[in-house]
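A.B. asks: any chance you could fold what I've pasted below:
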Amino acid sequence: MNLSEPQQLTEDQLTQYVQSMGAKEWALRQEAVNRLRACGNSALDALITGMEHPDWRVRHGCADLMDHLADHRCQEPLLRLLKDPV
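C.D. replies: Down below sits the predicted model:
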């Protein structure tokens with residue numbers, strides 16, 4: 001995987017990788033993070049949606065990636081996360 005150029009994934013693939021950030025196995029979570037990071041800003045919509053996921057690992061992973069890929073769309077979801085009970 002070449003991380004220097006953005007990867008193009010389908011919306012379904014992006015959603016699957018976001019959900020994989022909730023995996024119990026660290027290697028699966030890390031692979032999902034790497035794939036989503038490689039997509040750059042094209043992953044933001046899936047990450048924003050993932051901020052509503054019931055699994056705290058997914059929300060945490062989405063917030064962490066938004067910290068690196070953020071644009072104006074990330075502000076509101078990140079502010080809501082400040083009130084996350086987990």
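A.B. asks: okay, helices next: where are they in the chain?
C.D. replies: Assigned by DSSP state H, the helices in the chain fall at 11-20, 26-39, 44-50, 56-69, 75-81.
A.B. asks: mind checking how far Asp45 is from Val86?
C.D. replies: Relative to Val86, Asp45 is positioned 23 Å away (C-beta to C-beta, to the nearest Å). Every residue, glycine included, has its C-beta placed from N, CA and C.
A.B. asks: neighbour-wise, which of the two wins?
C.D. replies: Legend: neighbour count by other C-beta atoms under 10 Å for Asp45 and Val86, higher for Asp45 (13 against 8).
A.B. asks: hang on, Asp71 packs against Asp45?
C.D. replies: No. Taking contacts as C-beta atoms under 8 Å, Asp71 lies outside contact range of Asp45: 10.9 Å.
A.B. asks: tell me which of the helices of the chain sits most buried.
C.D. replies: Counting by mean count of other C-beta atoms under 10 Å, helix 44-50 has the highest mean neighbour count of the helices of the chain, with a mean of 20.
A.B. asks: now for it, which elements pack on it?
C.D. replies: When contacts are defined as 3 or more C-beta pairs under 8 Å, 6 or more residues apart in numbering; DSSP states H and E, helix 44-50 packs onto helix 11-20, helix 56-69.
A.B. asks: mind redoing it with 10 Å?
C.D. replies: Counting contacts by 3 or more C-beta pairs under 10 Å, 6 or more residues apart in numbering; DSSP states H and E, helix 44-50 packs against helix 11-20, helix 26-39, helix 56-69, helix 75-81.
A.B. asks: between those helices, which gets nearest to Thr49?
C.D. replies: Thr49 lies closest to helix 11-20 among those, at 7.2 Å (C-beta to C-beta).
A.B. asks: ok, Ala63 to Gly50 distance?
C.D. replies: 9 Å.
A.B. asks: touching both of the two, which residues are there?
C.D. replies: Each of Pro77 lies in contact with both Ala63 and Gly50 under the rule C-beta atoms under 10 Å, 6 or more residues apart in numbering.
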